[in-house]
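> based on what follows, work out the 3D shape:
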Amino acid sequence: MKKVIVVAAQIVLVLVAMATVQAEERSVYEISATTIDGVEQKLSAYSGKVLLVVNVASYCGYTSQYAGLEKLYRDYKDKGFVVLGFPCNDFGQQEPENESEIKKFCSARFGVSFPLFSKVKVLGAEKNSLYRLLVAATGGADVGWNFEKFLINRTGEVVGRFVSGVEPESDELKKAIEKALS
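Predicted structure coming up:
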């Protein structure tokens, strides 16, 4: 029995490694995601833009970052910048609502106008393909918590990763966005 468990664990590790390699070979623009309204959308729609991909949650200590993300989006969108919000319930069950409720909450509480997508998994075997790519491109460490941010330049290259505690309006993040926009 012990041998079977060890072999099964080895198979899982091989499959995870294969998925990571495949993710490394793909471009952000080859990935599709479901919008918060249930429409399948290719991320190639954002080709040529600077993207900030964020796993968001409505009941988190960092939820107030929605306001800063919206401000960033409004301040830089005319220069080709887009925030993409991906609700996630992987950390402390802090996003238990359905998409309709998430959209309503974000709009009413924070005036969110940047694109939101359906809930995703950012951890484990069911990790969303976009997050597989983002994590692989930044060294392979799993997302640590809600509101972790990945910066993608105009050509689809991941050029920055910012932990949850980095506020959207921090000098560190704003300088990285401005550099990617230039």
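> quick one, helices of this protein?
Counting by DSSP state H, the segments of the chain that form helices are 2-25, 65-76, 99-110, 129-137, 171-181.
> got any ranges where the chain has weak pLDDT?
Flagging of the chain using pLDDT under 70 yields the residue ranges 1-25.
> again, 90 this time
Along the chain, the model assigns pLDDT under 90 to residues 1-27.
> contacting residues for the closest residue to residue 83 other than its chain neighbours?
Spatially, and ignoring its direct neighbours in sequence, residue 83 is nearest to residue 114 (4.0 Å; C-beta to C-beta, 6 or more residues apart in numbering). In this view, the C-beta of every residue, glycine as well, is placed from N, C-alpha and C. When contacts are counted by C-beta atoms under 8 Å, 6 or more residues apart in numbering, residue 114 touches 69, 70, 73, 82, 83, 84, 85.
> correct me, but residue 131 touches residue 122?
Yes: the pair residue 131 / residue 122 is scored as a contact, 4.5 Å apart, by C-beta atoms under 8 Å.
> dump the residue contacts of the residue lying closest to residue 99 once chain neighbours are set aside.
Nearest non-adjacent residue to residue 99, counting by C-beta to C-beta, 6+ apart: residue 36, 5.0 Å away. Residues near residue 36 by C-beta under 8 Å, 6+ apart: 87, 99, 102, 103, 115, 116, 117, 118.
> quick check on residue 36: phi, psi?
Main-chain dihedrals, residue 36, degrees, to the nearest 10: phi -60, psi -20.
> how far away is it from residue 179?
According to C-beta to C-beta, to the nearest Å, residue 36 stands 29 Å off from residue 179.
> next: residue 50.
Taking C-beta to C-beta, one finds residue 50 at 9 Å from residue 179.
> more neighbours: which of those two?
Neighbour tally, residue 50 and residue 179, criterion other C-beta atoms under 10 Å: the higher count belongs to residue 50, 22 against 13.
> was I right about that one contacting residue 151?
Yes: shown here, residue 50 and residue 151 form a contact pair, counting by C-beta under 8 Å, at 7.2 Å.
> what's the overlap in contacts for residue 131 and residue 122?
Shared contacts of residue 131 and residue 122, defined by C-beta under 8 Å, 6+ apart, comprise 55, 86, 143.
> inside strands: which ones of the residues you listed?
Judged by DSSP state E, the subset of the shared contacts of residue 131 and residue 122 located in strands is 55, 86.
> among the shared contacts of residue 131 and residue 122, which one has the most neighbours?
Counting neighbours by other C-beta under 10 Å, the top entry in the shared contacts of residue 131 and residue 122 is residue 55, with 29 neighbours.
> that one against residue 142, yeah?
No: assessed by C-beta under 8 Å, residue 55 is found out of contact with residue 142, at 11.2 Å.
> list the residues that contact both of these two?
Common neighbours of residue 55 and residue 142 (C-beta under 8 Å, 6+ apart) are residue 122.
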